[in-house]
Each structure stands twice: as structure tokens, then as C-alpha cells.
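# Generate coordinates for the sequence data below:
(chains A, B and C, ligands or ions: 3)
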Amino acid sequence: MATTENGPGALEPRPAPPKEQRFSLNAIQELEEIASHYPERKAACLPALWIAQREYGGYLTPAAIQEVADRLGMSYAEVEGVATFYTMYNLRPRGRHHLEVCTCLTCAVMGAYDVVHELERALGIEVGGTTRDGEFTLSEVECLDYCGAATVVQVGDRYFTHVTADNVLNLIEELRQSEEYTPVKLADAIVKLHLPGSSQTGGGSRTGEQIRNNELY
Amino acid sequence: MGIRNLLFEHRDVENIQDIAVYEKHGGYRGLKKAVKMERSAVIEEIKTSGLRGRGGAGFPTGIKWSGIPQNDDKPHYIICNADEGEPGTYKDRELMLKLPHLLVEGMIIAGYALRGTAGYIYIRGEYVEPAWQVRKAIDQAYRAGYLGKNILGVKGFNFDLYIHMGAGSYECGEESALMSSLMGERGQPRLKFPHAPYPTVEGVWKSPTLINNVETFCAAAKILDMGGAEYARLGTERSKGTKIFSVSGHVARPANYEVEMGTPLMELIEAAGGVVGGALKAVIPGGSSVQIVRAEDCPRVNLDYESCQQNGTLLGSGGFMVFNDRTDIVLLMKRTAEFYMHESCGKCTPCREGTRWIYKILDRITSGGGQPGDVELLLDICSQIDGRSYCGLGDAAAWPIVGAIKAFREEFDYWIAHKRSPVGPGHVPPTPEVVNPLLTLVPA
Amino acid sequence: MSQFRLTQTPPSLNPPSDRMVRVKINGIEVEVPNGENIIESAKRVGVDIPYFCYHPRLSRGEAANCRMCLVDVYMPRKNPDGTETLAKMPKPQTACTLPAAQGMVIETESEQVVRDRKGILEFLLINHPLDCPICDRGGECPLQNNTIFYGPPTSRYIEEKRHFPKAYPLSEYVVFDRERCIHCARCTRFADDISGDAQLAFLKRGADMEVGTFAQTAYRSKFSGNVIELCPVGALLSRTYRFKARPWDLHTQKSICSRCSNGCNVKFDYRLEQLLRVNARVNEEVNEEWTCDRGKFGHDYVSAPDRLKTPLLKRDGEFVPISWTEALDRIVEQLRQAGSNVGGIGGQRCTNEDNFVFQKLFREVLGSNHIDSRLGRYQGPVNRPLFERFGYHGMGNRIADLENMKTLFVFGSELVDEQPIIFLRVRKAWRFKGASVVNAVTRVEEETTKVADFAEVNLIYRPGTEMALLLALAHVILHEKLLPKNASTSALAQRVGDWTPARAAAETGVAAEDIVRAAHLLVNGPMAILVGRAITEHPEFEALVEVLGDLVVATGNQGNLNIPGTECNTQGAMDMGVLPDVGPGYRPIDPPGMNTHRMLEAAASGQLPVLWIVGAKLVENYHDADLARRALENCPFVIVNELRLTETARMADLVLPAASVAEKDGTYTSCERRVQRIHKAFDISPDIKPDWLIFTEVAAMLGGTPYFSPRDILRDIAATVPMYAGISFRSLGDAGIRWEYPAGDA
Ligand SMILES: Cc1cc2nc3c(=O)[nH]c(=O)nc-3n(C[C@H](O)[C@H](O)[C@H](O)COP(=O)(O)O)c2cc1C
Ligand code: SF4
Ligand code: FES
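Ligands and ions are numbered 1, 2, ... in the order given. A predicted model of the protein is given here:
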């Protein structure tokens, strides 16, 4: 018989997970600013999950989903449905660097699987796994749409291009030394992208309103 | 015909992402012209240009714009589809990265012409770098008074532009799924005409909504600048203007190339430096969703909507993939099938079940378990998906398989008969089935 | 407050249109409302279009995903010369969402359509476990049915199927077999559209997509049982019915739910004298096709092993079984001794027939007016608060009318618990018809389903401050002059005094601006008020009802004040005159007898020699439990008609085993005064008797005229009770009859 988390023997549903409130004041302000962009609060669900992914350390726990749902007035199941639909929301912890190798058509033709196999060999993990030291998680992803620069590897908020089986180890070394390109940084970058003025002032809940009224400049 | 840098005119100008540089090179001229015109005249200009949507379907943009009601008091939303996800396509990426102001200008023009309340640029979550350029462009445009209240001194022309980042789903490029995603739901498509009103009448939040591709908006900005009639002089009878092709695969210089519509396909390969690593075997001209073209058919194909269609393929989104003769078409199709299986939203039966079935059969064939009759079965499954699914993804999953079987039937038969690749060890090695353990929530 | 749904774009059910259009379906021309679903249009001409995901009561938002209903469609197209030609739409279309339009031509049996259906069924079955022999749904499964009629004879699928653990528990009542799910989204749409808890949702995507609850927690809906019936395959199953029977072995009897006053129409499915499951029957006026979990799973008492099966007499503190002959002899002997000094309490859960004979025994045979069915706090003159002013008891509105209100004011009610089906109507009014809801409660519970989730204003007040809140609402309405000039506001004006929102805010704890907002909604008519237990159990019940009455009068909503009862026949027991001050049909009785409370007091002080309690859990539920206990202790002879040995029954001297709803014929009258028929399904034991039979046998032994059947009794009721004139088993039919007060009676 197939086993999953609720394998045979698990005869009752799980108890409700404990609630948490991890959104910082700043995060709440960001959420409110973003929510003001739409006529309905619910529309801020995707950005709110990005904020949660950042605030909860790079992945979404059940508590993170509850917090988003409570802040947006949605049901928990609905938010979980959203979070599990999109592949960029992490539902379990990722390594400090999440290597997402594009193996879609052109990249595959240009040798992406060689890159994957080389990574598996070098890191000692399989696709979907995380190294023991928590440094790297390796995933295959669908087209990252920079096919002209195959093979493309996304790490955090950055695309690394023209990766080959030969040069991928250099990339690994580089990343080991780097504090950049972490899942949290990715989430943070995406949150910032939603915030008016963030390219100049760092954004914030008041600036959005002022910018729209042409008051700030 | 041939390379014609229209949108890309200033692509290589240093710091063209900066508003001052952009303005020096004629930026926001189109917008300034537009706001002096009647709103209907702006739409008329787009109609005159003959511009067709660059997102894939090629729907006439002018007709779409005139579908937005003129005299209602609902809010109007202008949405840019920057969820570029079609394998082989990266033109929107470069447009946003290099020419973000062109996009912003195009959207403001649409906002003016269609009495837009707010605009949303839906950018795929992976595109952080391009999105950052758009962010900067928007912030600069606010500062320069191109966005906000009473834009360019036009009383009552208020328009806000927001960025909305996706989170990893190809399906969200489909316009009704994009609307779901924008409204905070799972990226599943919504009912379409005739089952529901057109988005231009009832789109997001039950309000009139315009959705166009990045390239379409960029072209609109250019059209306002140069004049619709001038734009219409480029291209063919029914495919006007220029189109950006993202060339990738076995060519010497893979990159985005903007060509005049109607340019012979072979000319584009030439422009990209020709085929490398072997002789030309096949081309997929419009992204993974369209049918593959054999090398011997390529000289007959011109890069415009009609010629592509006559030759059994589609112009699509312009993801131009070139394959040399070392490419195993069956493995390529297996990988294509895997893409659609992974990206199917799961809403409707044919697509959810069919894409997985196709993948499983191709996986079996390429693992040496092919059986006589598998090809017919594949064709049959494809015909059961094509046109029966909720949105275009189902069609898009079926077309390439059918196209590949039509063009390279002998390779499928070879695999089934000999249990190995007809081109020697393929460049796409077989992979185990992907069970993504990362897709479930950690239980509490 | 956990799961608040603050905003949403309400989906539209297909709105009915006045304009008719002509469409042609398989060559048959038919006129249908513009925009009607083609599935429905096809039904009109007897053409069957198979479907799974379509459901007329669920919004179309997520629908059209099973693709089973694909049909060929031709649209008329105007030629430049003015003539019309038919153009085939390039793709087949889903009939379930296709709106009928003038001149449309539909083909449902073309070669292509037949092939498409085979294709869809093949897809649905490739991952289906095909375990029909051990599936509860087998025999009544739409997937089986459609496969027989439209499916391919064989499967071409030789790959590995999807695997999940079987019978995954979703809740106390529902198990889920994910392998069988066909992803039709009926259950998820139900959770969103109807019950409103949105606890079921699709998780993941593509071929991995599955239905689930949040983080595998329990599915805590008050209406979870409905998804079992909605699921078109055997994916969602009842935990209580699973593996108990095959559907073709079940017998079915129509009935009415006995668990609250809403009167849901249900079917009892039983086998070998065991009630195995309760399913909904469609009644558009009442429950549409829904049930609540209390109704669906709460009839386990009927076949409970501890049902009483023989009369029990207490001897030396111990119950001993006795024969009916002996029991009846005892009763007659005691009643003879007591004369007219006997009391009767109960009847809210008995049929009208039981109640009629009950009061007749007391009034006509024993000569006692000490009879009351009321157990609540208010036991004053029954006609006073509502009837004397407005001419009705209980609910002024039909349940079905509630969905047409612009504003609904829910006052002092945990509506979903007290009146589950009314709750669903209120939610429907909000979700599908745009009504606004004002909710006044003492506290909002951490519940999944509640009015507070969708109410536009929630007034959460301190217990006991109902009057202040009400007067402040009236104050705003009067002082902001929200009503038209000719509104009759004088009665209200006299009362409000200086209950300004600010003052009421201090008193009630509700923010003043919320009171103002609520008041502005209340004048947006038509408005109906639903009153709950916090009001009916309020010490100032009468005064509150008077002010509420003034409010409906002032706002021009006469007849829209609703005080629904609580038990399945609360209304009927009153109609039948199980009341101290009125007889059948509310005919005044002079002098009135003692009410429940006075009877209990009399019994407690040893002044009532015989007390007969009929299906009333006094010790358990009476607000003065101590008094109830003392009364039962000190009354020399207590008779209790019961199904099981309840605590009250335990204190009796004689316990009589009574028939349950499944074991007798008769009628119930629901809170909206709908008289509905229950049918006897089976006998559990020959020694169990329906209450009316017990009463009539005693009456006969004391010289009264006996009744021979419930039909016989109803005939007498129809002749005696003016409101029931003309009602008979036959005239009630399946939908029941809502009795109206004769015009001019007010
Ligand atoms: C499965 C699917 C994916 C799509 N992905 C994209 C996309 O990534 N970007 C895009 O612009 N259009 C995409 N489209 C096309 C859009 O639905 C829509 O036609 C387009 O955004 C309209 O803009 P246009 O008229 O400017 O082309 C996709 C369509 C389908 C069916
Ligand atoms: S569980 Fe049943 S109702 Fe729910 S989606 Fe699956 S098949 Fe449909
Ligand atoms: S019934 Fe029409 S698609 Fe399911």
C-alpha cells in the first residue's frame, strides 16, 4: 500500500497547527501598501505569500499560511491551494542556495541534463534533495525563458547563464562563498518589486500613497 | 524584409533604461502625441497599424482595444502579460530588461485611450532582474509626471501602474488564468466567450479589462510615435510590422532578433549565424506549443502568421528553436510532454489526464518499452485533448506531438522497433519520472 | 475570528431571463429563457446530456471542468446580404455553461460528440481504481451510469495508476478516497458557495491536484454531509454508512428531519429495521436539497441499541419491565385518583396527531387544562407578543422568501446551530442575491461556519444589553430621518428616549459607528428580522418583541419579524393547543391551566399527583434544572414517554417506550408553519407505541372515543383547527402545505 504522510494507521485528521504572528511591523506595512493596489484584499494573496516566505525564513509553514489567510480574510484551505499551485513557493525548507536548473527544451538540448547529473554527482544528492550541510537544494525547473543563454540555472533572485557540466563546479564554489541569492533574498526582492518607489526610496506604505498623488517628487 | 530594429531601435544605447536617455531618444513622444488626440483616434491609430497581439494568438490589437466600453462608469484595468513562459521565448525578458520605458509608455497610452483606472504588469516570478528595470522605469515615470494624477496636464487622466509578480506557473500566461492569479486565486482559467462575457467587458473584478503582451504594448508605443500607417507599411498583407524572435538552440549566435514580418525563415537562421554542430534538422518557429518544421520544409516558410499556418505550424510567441541533426525528436517530444504535464493546471479532465498519459507513453517508448500501436494511441489521445480542454494549454500540449509525429514518424517507429534512438546517444537523456516531493505542505 | 471572508466578487447563478429565445436541439425546436444553460434546455425536450461537474445550485465559476457535456454548436451568422447561415463553432462547447441564444442549433449525438464523450470517460477512468465492487457509491454512481451509457468498452491505459491511501478520514463523518476523485469541484464549490466555510479546496496542480483540507486538519463544516451526496463518484463517503449496505438492498421512506424546526425534507434509507442513512429530498421551499450534519447524522438514535422496548415501572427504586396492559392499568388507576389535578408537559418533538390526542385526553377526558409544550423561559400568554399585534405566531416569512430580502437582521442567534437551513437561505441571499446582513450576537465563536463571516456589520454586544442596542438602532433611524415622511414611527419614537449610539456604545460595548452603519442598512428594504435564542430566552422577551415590532412597522416591513421555534414540531404542538391558555387553533381557554413552570412548582411542592412528560428532557434542558429535578422527585406519579432512558426518564415512575420519527405516520409543522408528512418506515419492536396510540388507549379506557389511525386524527384536526381545514395526508403531497392565518384575523 502506498504511504504518504497520512499513511495507513493514521485514522484521524491532524490537529490544527499552532498559530503564529511572524509578520514584522514593516512586513505588515508592506502588505497594507500592496493590498491598496487592488480593489479586493484577496488579490494580495500572491504578494502576501511572498512576504510570508521571507518572514518565515524562506519557506511556508502551515502557520505562515494561516497568518496570510487571517490577514487577507481568506480560508486556510484556499490559501494552501494557492501556495501549492505555484512552484516558487517553498513548502518545506530549502538549502541556503536553491539551484534550479532549467531542463526544458533548449536547455535540455544544450546539455542541461549533463549539468544536473554533474551537480548530483558533485553534491551527492538527487534532484529534489538537499545537501546534509543545508547549503544546496537541487531542483529541475521548467523553462526559465532565457533559452538563448542555455543552460540557465536560477539561484535565488539571479539567473546564471551558459552553465555547462564543465563550469558548474565553479558556480558551486562561488555560491559557497556567497551570502547572496538565498531563498529569503529572492522573496525579499519580489516583495520589493511590488512596492512603488522601492527603486528609489526603498518603498513603504506611506510613499505608495504619496507617489500616486504625485506628492513625493 | 530581414532584420528591422524597430522596437529594438535603441536597445543598445547605453543607459536607455534611464528616463532621461530614453526621452533623448524620442521616448514618451508617442504618449505626448496620444494625449493630444481624441481617445478614439488613438484606438483608430492602432487599428490602422494592423498590429496583432504578440503573445501568441495574433488577435488584432485594435479590435481588442475597441472592445472596451466607451461610456460606462466602471473602472477599467489595463494588464500587461509579462508572464513569458513559453519554452524558447525570451523576447519580453529583453524588452523589459533593456527597454522598460517603452513598455511603460505603451501601457500609459492604453490607459489614456481606454480610460484605464489602473494597470498591472503581471511578471513571472523568476524574472526578478527584468522586473527590477520595470520597477525603476515606473518609479521614474511617476517622478516625471507620466503616471499619477492629471498626467501631462490632462485633467482627469489619472493612471497608476503596479507590478504583480507571479510565482511559478506557465498557465498564468493564459489570459483568463492570469486574471485568476491577479485576483489572488489559483492560476486556473475562467469561463470564456460565449460562456462568459469577453474580458474587455467583464474581466478582473467584473470590470472591463485589456490584456496584451509586453511586445504588443511596446509596439503600440512605437505606433503612436511613428503613426499607424507608417507601421503598416512594414510586413505583409495581413501580418503587419515587425516581430521579435528569440532564437535558441543549435545556432552560432542565439539572441533576440527583430525581423520584418514575412522574412523567410532561413534568413533568420542566417542572421543568427547559421546552424552549428551538424546540419539543420528541424525548426520550431513559435515556441514549444507549435508544430515542428522539417529542414526540407523550412525554405518554404516565411515568418508571418499566414505563411506559418499554410505550412502546418504557427508563429506563436516567436520562440524560434533550431535543432541540428544530432537531435532526437522523440526525446525532445518527451521533454515537451513533460513540460505540459507539469504545467497543466489540473482543472479540466482532458488536459490533466491526457498530458500525463502522453508523457507516460513517450517515457515508456524512450525507455525501451514502446509497443506497436503506441503512435496511433498518441495521435488519438491528442485528438481527444485538442479543442476539448478548457483553455489553450491542452491544445498546446497536443499540437507539438501531432506535429512531430507527422514530420518525423519514422523516428517514433524506430524507437518502438529498436528500443533505441535513431540518432545515436541523444542529447536528451532519459530521466526518471519526476515526482516532485517539494509540492506538498509539511504537515504540522 | 479565524476565517473571515471580508470581500469577494459574488458569482452569479444563471439569472433567469424574461426574454425567450428559440433554439434547436437535435432537430427539436424549443423556446427557452435567454441565457439558460443548454443542459437545462435539453432537459425540456427530453434530451439527455451527460455531466459530472455541473450542478444547478453551485456557481459556474469553477465549473465546466469535467468536459463531459461537450456538444456541437452552430450559431446563426448574418451574411452581408441580410440572410442568415449557420456556422459551426470550431470547437465543441460545454453545454453546462453555454447560454442559450436566439437561433442556436445544438447537436448532442453527432459522431464527434459521441467520440468526445468516450474520450472524456476514458481519461476519467485511467486513474480511477475501478473498485466498484467494494464502493459504497456502486449502484447509484453517476460515473458508473455515464460509463455504461457513453463510455468506451475497454481501456487502452497500461501505465501505472495514481495511488493514494484509501478511506482517508476528512472528519468525524466523511472519509475520502482520493483515487476515485474525478476533480469535478462540486465539493469545493459547495464549501465555498453554499456552506461558506471554504474548508475544502484544490491543492497542488496538474495531475497531482487533489481535494483537501488545510494541512490535513479535520473538515469542520456544519454541512459536511452534503458533499457525500454531491460527489458524483465514490470519493467522499459517509463514515457511518460505509460498508453497511448496497443501495439496491435499501428501502427508502420519505420523511421530515426531526432534529430542528426547519422541516428539512429527507429520505430514510433502512434495512432490516436499521436506519442506515439519511439523504436529502428536494423541496425548493425548504431545504432545496441540503441537510445539515445534525440532521444527516443525528438520527442514529432511531436504531440505537439502547432504545426502550417495553414499559418500565419503578419498584423500590429499580425499573422492572412490565406489560402494556399493566402499564395502562397503572396509568388509568392513577389518573382516576387524581381527577383533574394532573399535568402534561411536552410534545414539541411529537407529531401533530400525538399532540392533538394528548391535549384532548387532558381537556376532554381528564378535564384538566394543565398542559404545556413550552420549555423555554417565556411562558406567558401565547398570543401576546406577536399574534395580537401581527396576526401570526413564529415566522412571518416563508424560509424561501428570505432570499429575496435586501437586508437581513439576525438578532441574538447562533443561526447556524439554531436554524441551519435558514442559515443557508440567509447566506444564499447574501452570496447570490446581494443582500446585506446585520448580525447582532453576544460573541463570535471560533467556528468555521457562521453569520459573522459574511455579515456586513457585526454588532457584538454584552449579554443583557439587547434593549439598549435595539433602541439605539431605532434612535439612529429616527434622528437621522432615514425613513420616508409617511412612515409610522410614532410607536418607536415614544420608546427610543435618549438612547444615542454613544450612550448605547458605552452600555453594549458595540462601537457607535457600527450601530449607525447597521441602522442605515436596516432601512434598506425589504428587510427581515430573525430572532434567536438570546431573545426568546431573554427576561424582557415581550418588551423586546414589542420594540422589534415597532421597528418592522416603522420600516414598512410588517410580517417580516421571525421568531422560529426550536424543535421539529414546536409550532405544531402550539397549533394543536398543547398550551395552558389556548386550545387547538389558538381558541382561548377559560380559565387557563398552569404553564410548565407552575406545574413544576406545584409538583415540587407535592401538589400535583400525576405529571405526564412527553418526549421532553426536563432535567437535562430546563432552564431551572433544579426545579425540574425537585418536581420529578416530589411528584407521586411521573409518566414519561421516551425513546431512551434519558435522565428525565430515569426519574420517572413509569416509562413508556415511544415510537420514533421513523416508526410512525403523521405530520410535523415546521417553524414556517409548513405542515409536512412523515411516513412510517419500520417497526423496531411490537412493544413500542406511537404517543397518540398510548393517549388514545388511555382515553378509551377512561370513556373517551378512540382514534384508530393518524389519518383518522388528522381528519379531526382538519375539522377542529381552522388553520388546518382541508389538510389531509393526500393534500399534503410531498412538499407539504404552509398554513396561512385566515385573512382579517389579525
Ligand atoms: C497556455 C497559454 C500560455 C500563454 N502564455 C503567454 C505568455 O506567457 N505571455 C503572453 O504574452 N501570452 C501568453 N498566452 C497568450 C495569452 O492568452 C493572450 O492571448 C495574450 O496575452 C494576449 O495578448 P496579445 O493580444 O497582446 O497577444 C498564453 C496562452 C496560453 C493558452
Ligand atoms: S471529491 Fe468528488 S466532488 Fe470533490 S472534486 Fe472529487 S469527484 Fe468532485
Ligand atoms: S458538466 Fe459541463 S463540463 Fe462538467
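# So which residues lie in contact with stretch B:107-118, not counting its own?
For stretch B:107-118, contacts defined as C-beta atoms under 8 Å, 6 or more residues apart in numbering or on different chains pick out A:37, B:30-31, B:34-35, B:39, B:42-43, B:46, B:65, B:68, B:75-78, B:80, B:119, B:121, B:141, B:146-147, B:151, B:154, B:157-162, B:208, B:210, B:212, B:217, B:220-221, B:224. Heads up, the C-betas are built off the backbone N, CA and C, glycines and all.
# Which of those fall within helices?
Among those, the ones falling in helices (DSSP state H) are B:30-31, B:34-35, B:39, B:42-43, B:46, B:65, B:141, B:217, B:220-221, B:224.
# so which two of those are the farthest from each other?
B:Ile43 and B:Ala141 (22.1 Å; C-beta to C-beta).
# among the ones in helices among the contacts of stretch B:107-118, which ones are buried?
By neighbour count, with 16 or more other C-beta atoms under 10 Å in any protein chain shown, the ones in helices among the contacts of stretch B:107-118 hold B:30-31, B:34-35, B:42-43, B:46, B:65, B:141, B:217, B:220-221, B:224 as buried.
# What helices and strands are in contact with the longest strand along chain B?
Counting by DSSP state E, the longest strand found in chain B is strand B:242-249. For strand B:242-249, the packing partners by 3 or more C-beta pairs under 8 Å, 6 or more residues apart in numbering or on different chains; DSSP states H and E come out as helix A:105-109, helix B:91-98, helix B:214-226, strand B:256-260, helix B:265-271, strand B:319-324.
# now the angle from the third one to helix B:91-98?
This points to helix B:214-226. Helix B:214-226 and helix B:91-98 are oriented at 60 degrees to each other (axes from the mean of the first three to the mean of the last three C-alpha atoms, to 10 degrees).
# CA atoms only: put the helix or strand following helix B:214-226 into CSV for me.
Where DSSP states H and E defines the elements, the next helix or strand beyond helix B:214-226 is helix B:228-232. Provided in CSV are the C-alpha atoms of helix B:228-232 (Å, rounded to 0.1, in the frame of the first residue of the first chain):
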residue,chain,number,x,y,z
GLY,B,228,-0.1,53.6,-37.7
ALA,B,229,0.0,54.0,-41.4
GLU,B,230,3.8,54.1,-41.4
TYR,B,231,3.9,50.9,-39.2
ALA,B,232,1.5,49.2,-41.6
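# can you pull the pLDDT of the residue sitting furthest away from the middle of chain C?
For chain C, the residue at maximal distance from the C-alpha centroid (C-alpha atoms, centre = their mean) is C:Asp81, at 59.0 Å. pLDDT for C:Asp81: 88.
# sec struct for it, please.
coil (DSSP: H, G, I helix; E, B strand; the rest coil).
# Tell me how chain C divides into domains.
Annotated domains of chain C cover C:11-124, C:132-238, C:331-380+C:570-738, C:395-562 [automatic domain parsing].
# and the angle for the longest strand of chain B with strand B:256-260?
Using the same axes, to 10 degrees: strand B:242-249 against strand B:256-260 is 140 degrees.
# so what strands line up beside strand B:242-249?
Using DSSP bridges, strand B:242-249 pairs in its sheet with strand B:256-260 (antiparallel), strand B:319-324 (parallel).
# in the stretch 51-200 of chain C, what spans have low per-residue confidence?
C:60-62 (pLDDT under 70).
# what does chain A give?
For chain A (pLDDT under 70), the answer is A:1-11, A:202-206, A:217.
# can I see the domain layout of it?
Domain assignment for chain A, taken from automatic domain parsing, gives A:25-85, A:97-182+A:202-212.
# does any part of the first one sit near chain C?
Read that as domain A:25-85. Yes: residues of domain A:25-85 contacting chain C under C-beta under 8 Å from any C-beta of the partner chain: A:40-42, A:62, A:65-66, A:69-70, A:72-81, A:84-85.
# does A:Thr137 count as helix, strand or coil?
strand.
# where's it relative to C:Asp72, distance?
Distance from A:Thr137 to C:Asp72, counting by C-beta to C-beta, to the nearest Å: 50 Å.
# between those two, who's got more neighbours?
More crowded of A:Thr137 and C:Asp72, by other C-beta atoms under 10 Å in any protein chain shown: A:Thr137, with 24 against 19.
# show me the contacts for that one.
By C-beta under 8 Å, 6+ apart, A:Thr137 lies in contact with A:Arg94, A:Gly95, A:His97, A:His98, A:Leu99, A:Gly129, A:Thr130, A:Thr131.
# Does it have any beta-bridge partners, and if so which?
A:His98, A:Thr130.
# Next one: it relative to B:Thr242, how far apart?
Counting by C-beta to C-beta - A:Thr137 and B:Thr242 are separated by 42 Å.
# what about residue 152, how many neighbours?
Answering for chain A, as no chain was given. By other C-beta under 10 Å, neighbour count at A:Val152 equals 29.
# actually it's chain B I care about, not the one you picked
Residues near B:Leu152, counting by other C-beta under 10 Å, number 16.
# per-residue pLDDT, it?
pLDDT for B:Leu152: 95.
# Kindly report the same for B:Asn436.
For B:Asn436, the model assigns a pLDDT of 38.
# cool, and the one 5 residues further on?
The per-residue pLDDT reported for B:Leu441 equals 45.
# is it true that C:Glu414 touches C:Gly532?
Yes: using C-beta atoms under 8 Å, C:Glu414 makes contact with C:Gly532 at a distance of 6.7 Å.
# who has more neighbours, the two?
Comparing C:Glu414 with C:Gly532 by other C-beta under 10 Å, the one with more neighbours is C:Gly532, at 24 against 20.
# my guess is that one contacts C:Phe411, does it?
Yes: C:Gly532 lies in contact with C:Phe411 (C-beta under 8 Å); the separation is 6.7 Å.
# Which of the buried ones among the ones in helices among the contacts of stretch B:107-118 sits closest to C:Ala652?
B:Trp65 (81.7 Å).
# just checking, that closest one touches B:Leu210?
Yes: taking C-beta under 8 Å as the definition, B:Trp65 is a contact partner of B:Leu210 at 6.7 Å.
# Turn the contacts of A:Thr137 into JSON lines, including distance to ligand 3 and neighbour count.
Formatted as JSON lines, these follow (distance: C-beta to the nearest ligand atom, whole Å; neighbours: other C-beta atoms under 10 Å in any protein chain shown):
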{"residue": "A:Arg94", "distance to ligand 3": "38", "neighbour count": "24"}
{"residue": "A:Gly95", "distance to ligand 3": "43", "neighbour count": "22"}
{"residue": "A:His97", "distance to ligand 3": "44", "neighbour count": "24"}
{"residue": "A:His98", "distance to ligand 3": "38", "neighbour count": "24"}
{"residue": "A:Leu99", "distance to ligand 3": "41", "neighbour count": "28"}
{"residue": "A:Gly129", "distance to ligand 3": "40", "neighbour count": "17"}
{"residue": "A:Thr130", "distance to ligand 3": "41", "neighbour count": "20"}
{"residue": "A:Thr131", "distance to ligand 3": "46", "neighbour count": "16"}
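# Widest-spaced pair of these?
Maximum pairwise distance among the contacts of A:Thr137 (C-beta to C-beta): 13.4 Å, between A:His97 and A:Gly129.
# can you list the domain ranges for chain B.
As given by automatic domain parsing, the domain ranges for chain B are B:19-232, B:242-324, B:329-428.
# Pull up the distance across the shortest one, start to finish.
The first residue of domain B:242-324 is 27 Å away from its last residue (C-alpha to C-alpha, to the nearest Å).
# So what's the model's average confidence on it?
Mean predicted confidence for domain B:242-324 is 95.
# Quickly list what the closest residue in space to A:Glu12 that isn't next to it in sequence is bridged to.
Excluding the flanking residues, the one nearest A:Glu12 by C-beta to C-beta, 6 or more residues apart in numbering or on different chains is C:Pro169, at 5.8 Å. Beta bridges link C:Pro169 to C:Val175 when assigned by DSSP bridges.
# Assumed A:Glu47 was part of a strand.
In this structure residue A:47 is Pro, not Glu. No: counting by three-state DSSP, A:Pro47 is located in no strand; its state is helix.
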